[in-house]
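Visitor: The following block contains a protein sequence and its predicted model.
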Amino acid sequence: MKRHLLFAALFASFATLSAAPAFARDTVSYFPVEQALQSEPGKVSEDIGLYFAGQRHPAVVKTMGEFATNKKTNAFGKSDLQACQHVFLSAVIELQERARKEGGNAVINIKSNYKNELRESATEYTCGAGAVVAGVALTGEVVTLRK
């Protein structure tokens, strides 16, 4: 009898826990591009130019197309700023790698595209951070610029 009561109590506690809503955090923040680019020195290459929306750049000689990134990183135990800077760099590096693959020398008109919401800014990027994961999505146009 005691055994049945114990199982019933255990079952009731699991049912209560599984019915409780999950309180997941998804904080959308805007952080400075320049600070993020300098947060891990030497990580972003200088051979592929980066121009965020609205920034002036040399004339475009050839366009290879628009490409997107959607990067995530482990945010556990990190501040939103630390996690977002790290994942931002990963997204930028992916754009640079794509430019190399396509034969371009720059990525222009870089915009944030977090959860498919385009945001144009020359100075800030959008990052979504939760308790465990942070994410940055970028789009940019791979081009060859006049030197």
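Guide: That came through fine. Please read these numbers as outputs of a predicted model, since none were measured by experiment.

Visitor: Show me which residues of the longest strand along the chain are buried.
Guide: Taking DSSP state E as the criterion, the chain has its longest strand at strand 60-74. Going by neighbour count (16 or more other C-beta atoms under 10 Å), the buried part of strand 60-74 is 64, 67, 69, 71-73. Just so you know, the C-beta spots here come from the backbone N, C-alpha and C atoms, and that holds for glycine as well.

Visitor: Now pLDDT and distance to Gly103 too, for those residues, in CSV please.
Guide: Below are the buried residues of strand 60-74 laid out as CSV (pLDDT from 0 to 100; distance: C-beta to C-beta, whole Å):
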residue, pLDDT, distance to Gly103
Met64, 98, 7
Phe67, 98, 13
Thr69, 98, 19
Lys71, 98, 23
Lys72, 98, 28
Thr73, 97, 29
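
Visitor: Now the spatially closest residue to Ala129 that is not a sequence neighbour. Its backbone dihedrals?
Guide: Spatial nearest neighbour of Ala129, excluding adjacent residues (C-beta to C-beta, 6 or more residues apart in numbering): Asp80 at 4.2 Å. Main-chain dihedrals, Asp80, degrees, to the nearest 10: phi -60, psi -40.

Visitor: who's in contact with Asp80?
Guide: Each residue near Asp80 by C-beta atoms under 8 Å, 6 or more residues apart in numbering is listed here: 27, 29, 127, 129, 134.

Visitor: again, but for Glu120
Guide: Applying C-beta under 8 Å, 6+ apart, we find Glu120 in contact with 53-54, 111.

Visitor: ditto for Gly130
Guide: By C-beta under 8 Å, 6+ apart, the residues touching Gly130 are 24-27, 75.

Visitor: Drop anything exposed from those residues.
Guide: Listed as buried from these are Ala75; burial here means 16+ other C-beta under 10 Å.
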